[in-house]
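Asks: got a predicted structure plus its sequence, pasted below:
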Amino acid sequence: MPPRDGFPPAPSRHPGLRGLFTMLIRPFILAALAVLLAIGCTTPAAKPSSPAGKTPAATKPARTNIFDLNPLSGPRPPASPRLNFEQQEQRAEAMARYSAGLSHQMQGDVANAVAQYYFSALADPANEPLVALVASQLIQGKAYDKALELLDKAVKLPAASGMLHTLRGVAHAQAGRTNTAIVAYFQAIERLPAQLQAYQNLAQLFAQQNRRIEALLVLDQAASAAPAEADYLLDLAEIYASLARSQSNDLAQIRPRIVRTLDRAAPLAAPTPQQLQRLSDGYQFAGETKKAAEQFAKLLPLVAKDSPVHELLRQRLTDLYLRADDRERAAEMLRAMVKDNPTDARAHFILGLVAHESKQLDEAARHLETAIRLDPKFEAAYHELAGVRLTQKQGPQALELLAKAKEKFPRSFLIEYYSAVACNGMKDYPGALKHFTAAELLARTGETNRLNEGFYFQLGAVHERNKDFKQAENYFRQALKLAPDFADALNYLGYMWAERGENLIEAREMIEKAVKLEPDNGAFLDSLGWVLHQLGKPREALPWLQKSIAKTKEADATLYDHLGDVLAALKRFKEAREAWQKSLAVEPSPEIQKKLDAAPRP
């Protein structure tokens, strides 16, 4: 990468020279650096600048004193042997042209200043900073041929650095000469292997030509040549990320490279907010959320606790912990936030979410109730608390809460949906259908993403419990249309038909597909055994029912009932009676008792 803070000013005997540099010349130098960062590529990787004054050693040009020809301070003695007459004339012309350029610039005549600097650089192409400055200005002005005339002359010198070859690549690329630009970037890399900008521009040229493998190989070469310097590695990780964004198909290949690069940078990084932030962002982009949180956590001690920024950092870190599924640290952070600010409704809300996911229902309810008390307009807290009440099987309490939410907020999908689930849990199927229908209508007018396979599955299940089997079938089919491998819907619809003795061939196909998707699901195994029994194949059904009971942790009355029926069909009445007795022990049933009484005794 080019220096981040411009070329360092030369030592000078003139007392006002440094101020003159800052006021007049530094904007041009920054423009030159901007060319290396921006002109050479279509979509450069965005990144924060390094701390002021820090210039990566690997990218410093061989000569950095743009004031060598400044007549105010006089030329420095050349390091090379004494100049001959022709060289002295060229040096004198360069000094004169530079002085004229400086005069034009002081008068605000930028165009003529650049022209004079151009002739000065042509007269002394060994002055790399001036050559780079002028070439960059010409490239920005789309005067590519003039820029290349100057650069071609400068790169022929033995001491020419890779930076000039990189600028040649930029000029050729901007002029549409892609192949020549690629050659120039390779020459830049050969001259200065640790100059990251040449790798970046070359990789982006390859990417623009859809030469994705070559683009990756170039960046891999940059990684191999990387110095033990955090900024270089962080820059490289961000370039990898930029390539990943433009080549989304290669994301799986690029993410591990980003992680490896960041892993190298992490022990080298200074404990500064900038580098820690870049590390965290890079890891998060690469999907390493735990590492992102680890780096971001180091930011907290660097910010005063009474600063508003500290609170924002804690919120971001909490989010990272939650994304990393580290509920313990997320909860710890949230409890600290609540301790410092007990009236923080948002912190209580997220604590409620964490507790709910951890199945700590009482604690979840307590935090969510607190969030509502602190902020009665916190609509999401009502929804989540209703979900907790439903998990606690407290349907009436959930309905009461949702009724309050209806009074405070506009009608919404979630309020109707949770009301439907509450009614369903209370076996109020007509009420559940009323709310499900309202939820569906609301979703169609603004939240169509809510109408997924899960929604239609639940709607089908409620219709089945309400004995409306045709509507149940319609909604189950709708769920399967959205998700053909939805195992629960396959099993439910197949079992519903098997119970009624309908569509048994299709029912068997659906249940077999569900069992293939979840071969250890006891309920699915029972369904398969039962549909085989209904097809008149009790011998084939028996092993599936036995396997179902073996795979089910808690005793289930229905499974033993089905087993008894199959055994009875096989004339194994003693075993059938034992199975029905186990079913009755789990759950009394007059129908099963009748079968037991009617079965032949040994």
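Replies: Right, received. Where do you want to start? Predicted model only: the values in this text are computed from it and were never measured.
Asks: can we go C-alpha only for contacts and neighbour counts from here?
Replies: Fine.
Asks: how close does Phe186 sit to His165?
Replies: Counting by CA to CA, to the nearest Å, the gap between Phe186 and His165 amounts to 9 Å.
Asks: cool, and Tyr456?
Replies: Separation of Tyr456 from His165 (CA to CA): 63 Å.
Asks: neighbour count for the two, which is higher?
Replies: His165 (27 against 24; other CA atoms under 10 Å).
Asks: give the contact list for the more buried one.
Replies: The contact partners of His165, by CA atoms under 8 Å, 6 or more residues apart in numbering, come to 151, 155, 184-185, 187-188.
Asks: how much space separates it from Ala336?
Replies: Taking CA to CA, one finds His165 at 55 Å from Ala336.
Asks: over to Gln140?
Replies: On the measure of CA to CA, Gln140 and Ala336 end up 53 Å apart.
Asks: so for the helix or strand hosting Tyr492, mean pLDDT?
Replies: Here Tyr492 sits within helix 487-500, counting by DSSP states H and E. Mean pLDDT, helix 487-500: 97.
Asks: mind listing residues that contact it?
Replies: 457, 473, 476, 479-480, 503-504, 506-508, 510-511, 513-515, 517-518, 524, 527, 530-531, 534.
Asks: kindly report the same for stretch 574-581.
Replies: 560-561, 563-568, 592-593, 596, 599, 601-602.
Asks: go again using 10 Å as the cut-off
Replies: If you take CA atoms under 10 Å, 6 or more residues apart in numbering as the criterion, stretch 574-581 is touched by 557-570, 573, 582-589, 592-593, 595-602.
Asks: and the nearest residue to Ile415 once chain neighbours are set aside, how many neighbours?
Replies: Nearest residue to Ile415, sequence neighbours excluded (CA to CA, 6 or more residues apart in numbering): Leu402, at 6.2 Å. Number of residues near Leu402 (other CA under 10 Å) recorded here: 22.
Asks: after the helix or strand containing Leu402, which helix or strand is next?
Replies: Leu402 belongs to helix 395-408 when elements are defined using DSSP H and E. Beyond helix 395-408 on the C-terminal side, the first helix or strand identified by DSSP H and E is helix 413-425.
Asks: can you give me the strands in the stretch 251-400 of the chain?
Replies: Taking DSSP state E, counting those that start in this stretch as the test, none of the stretch 251-400 of the chain falls into strands.
Asks: I misspoke; the intended subject was the stretch 401-550 of the chain.
Replies: Taking DSSP E, counting those that start in this stretch as the criterion, the stretch 401-550 of the chain carries no strands.
Asks: list the contacts of the residue lying closest to Ala293 once chain neighbours are set aside.
Replies: Of all residues beyond its chain neighbours, the one nearest Ala293 is Leu320 (5.5 Å), with distances taken as CA to CA, 6+ apart. Taking CA under 10 Å, 6+ apart as the contact definition, Leu320 lies against 280, 284, 289-294, 296-297, 314, 326, 329-330.
Asks: now the residue nearest the centre of the chain, nearest residue through space, not along the chain?
Replies: Note on the chain: the residue nearest the mean C-alpha position is Phe285, at 4.7 Å, using CA atoms, centre = their mean. Nearest residue to Phe285 in three dimensions, chain neighbours excluded: Ala241, at 7.6 Å (CA to CA, 6+ apart).
Asks: the one you found and Thr261 touch, don't they?
Replies: No - contact between Ala241 and Thr261 fails when scored by CA atoms under 10 Å: they sit 11.1 Å apart.
Asks: what do these two both touch?
Replies: By CA under 10 Å, 6+ apart, Ala241 and Thr261 have these common neighbours: 235, 255, 282.
Asks: most neighbours out of these, which is it?
Replies: Most surrounded of the shared contacts of Ala241 and Thr261: other CA under 10 Å gives Gly282, at 25 neighbours.
Asks: and that residue, what is it in contact with?
Replies: 234, 237-238, 240-241, 255, 258-259, 261-262, 276, 288-289, 291-292.
Asks: any low-confidence regions in the chain?
Replies: The chain contains residues with pLDDT under 70 at 1-94, 101-102, 104-105.
Asks: contacts only, for the residue nearest to Ile415.
Replies: 382-383, 385-386, 396, 408, 414-416, 418-419, 422.
Asks: what of Leu164?
Replies: 61, 128-129, 131-132, 135, 151-152, 154-155, 170, 184-185, 187-188, 191.
Asks: for Asp281, same thing?
Replies: 238, 275, 287-289, 291-293, 295-296.
Asks: out of those residues, which are inside helices?
Replies: Using DSSP state H, 238, 275, 289, 291-293, 295-296 are the members of the contacts of Asp281 that sit in helices.
Asks: which of those residues count as buried?
Replies: The neighbour-count test (16 or more other CA atoms under 10 Å) applied to the ones in helices among the contacts of Asp281 identifies 238, 275, 289, 291-293, 295-296 as buried.
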